[in-house]
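Visitor: What follows is a protein structure lacking sequence information:
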């Protein structure tokens, strides 16, 4: 079955040739496809007119391009509903600042979001005029209940190869339970580790402030447990995002409900060729998510060889502009002295990425 992931094709519209070349090389290093480099507004409009409207297109521009104007931008969006326009005016020419801004813009919420969304609707802005013309339909909202915006839902996912998703979810739930009650949900239906009585799970069940809640596949669950308590969700390995958000089966409905409910997503990968390759694919697919979702990336290092350092460097290159951390496997230990605990402490100003 062909993938329904929108093509992440990029059009640049920047007058400064050196800046445009720098941007193109930066985006290419992230695995993005540069399909057109506009020299002026007229050339840009002609290309967009000929571009099939069903193809997702990302326009990265600066307003000082010859012939560019707000009227032209509005005309381009009317011609091509799948256009995502990102303005780089005022953004410093650095890899970190540029990629952070681009990814934040791609994750911005739809202007047509329902008022009950936990994220406020933003005022119309030229560079954020994009998919809002597409109405919200039952097919695009996978759950029929309102999300409780008062609670935190932290989903843990990642690459294949046992990078430590379940161990991290357990450690996170244990740390949060120091200050409040938490539910640890086992939504990894392929490998429901938390459903088994492992020593770590038994230890968690003994804590009165932690409730371990496995989901029963025979019941075909389509949503997370209701309530006000903080949820930590072991989501397992995500399928391709473009296919997951259009999957009409109950498994797809569950994944969509977790993604829609989440206030924070943690993606864990290992410093291996497969892990880094899956991370790169995930980063390319992120724009299919239509809600603003905070994501933290963790790379788990195993060993001390030169190849590990090379994969570590690739992880850092892929996650430019993102919240990212590098941990050793030993730091996933659940002991009180674990080096992971300071990283999880939300009230420590120096370690509040997740808390």
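Guide: Here it is on my side, so go on. These numbers come from a predicted model, not from an experiment. Numbers count the residues shown, from 1 in each chain.
Visitor: could you point out where the stretch 251-355 of the chain is predicted with low confidence?
Guide: Along the stretch 251-355 of the chain, the model assigns pLDDT under 70 to residues 288-291, 303, 332-355.
Visitor: And the strands in it?
Guide: 264-270, 294-301, 323-328 (DSSP state E, counting those that start in this stretch).
Visitor: Reformat the ones you listed as a markdown table; add mean neighbour count.
Guide: For the C-beta atoms, the positions are set from N, CA and C on the backbone; glycine is no exception. A markdown table is the format used below for the strands of the stretch 251-355 of the chain (neighbours: other CB atoms under 10 Å):
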| stretch | mean neighbour count |
| --- | --- |
| strand 264-270 | 24 |
| strand 294-301 | 22 |
| strand 323-328 | 16 |
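Visitor: Including distance to residue 166, could the ones you listed go into JSON lines?
Guide: Listed next are the strands of the stretch 251-355 of the chain as JSON lines, based on distance: least, CB to CB, whole Å:
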{"stretch": "strand 264-270", "distance to residue 166": "10"}
{"stretch": "strand 294-301", "distance to residue 166": "13"}
{"stretch": "strand 323-328", "distance to residue 166": "15"}
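Visitor: Run through who's touching stretch 315-323.
Guide: Around stretch 315-323, the neighbours that count as contacts under CB atoms under 8 Å, 6 or more residues apart in numbering are 29-30, 95-103, 269, 271, 276, 279-280, 283, 294-297, 299, 324, 326, 353.
Visitor: all helices for the stretch 1-150 of the chain, in order.
Guide: Assigned helices in the stretch 1-150 of the chain, in chain order: 17-29, 41-50, 70-79, 95-106 (criterion: DSSP state H, counting those that start in this stretch).
Visitor: out of the ones you listed, nearest to residue 170?
Guide: Residue 170 sits nearest to helix 95-106 of all those, at 29.0 Å, using CB to CB.
Visitor: Give me the packing partners of the closest one, helices and strands only.
Guide: helix 17-29, strand 83-87 (3 or more CB pairs under 8 Å, 6 or more residues apart in numbering; DSSP states H and E).
Visitor: in it, what's buried?
Guide: 95, 98, 99, 100, 101, 102, 103, 105, 106 (16 or more other CB atoms under 10 Å).
Visitor: Isn't the fifth one up against residue 86?
Guide: Same thing as residue 101. Yes. Using CB atoms under 8 Å, residue 101 is in contact with residue 86, at 7.4 Å.
Visitor: who touches both of those two?
Guide: Counting by CB under 8 Å, 6+ apart, nothing touches both residue 101 and residue 86.
Visitor: ok so, going back, quick one: which of the helices of the stretch 1-150 of the chain is nearest residue 311?
Guide: Closest to residue 311 of the helices of the stretch 1-150 of the chain is helix 17-29 (CB to CB; 15.6 Å).
Visitor: got the buried residues for that closest one?
Guide: Residues of helix 17-29 classed as buried by neighbour count (16+ other CB under 10 Å): 20, 22, 23, 24, 26, 27.
Visitor: just checking, what packs against the host helix or strand of residue 166?
Guide: Taking DSSP states H and E as the criterion, residue 166 maps to helix 165-176. Judged by 3+ CB pairs under 8 Å, 6+ apart, the packing partners of helix 165-176 are strand 153-158, strand 182-186, helix 199-205, strand 230-237, strand 264-270, helix 340-344.
Visitor: Between the buried residues of helix 95-106, which sits nearest residue 71?
Guide: Among the buried residues of helix 95-106, residue 105 lies closest to residue 71 (CB to CB), at 20.9 Å.
Visitor: confidence score at the closest one?
Guide: On pLDDT, residue 105 comes in at 81.
Visitor: What is the neighbour count of the residue nearest to it when sequence neighbours are not counted?
Guide: Spatially, and ignoring its direct neighbours in sequence, residue 105 is nearest to residue 86 (4.5 Å; CB to CB, 6 or more residues apart in numbering). By the measure other CB atoms under 10 Å, the count of residues near residue 86 is 21.
Visitor: Let me see the confidence value for residue 86.
Guide: On pLDDT, residue 86 comes in at 92.
Visitor: residues in contact with it?
Guide: 58, 59, 60, 61, 101, 102, 105, 106, 127.
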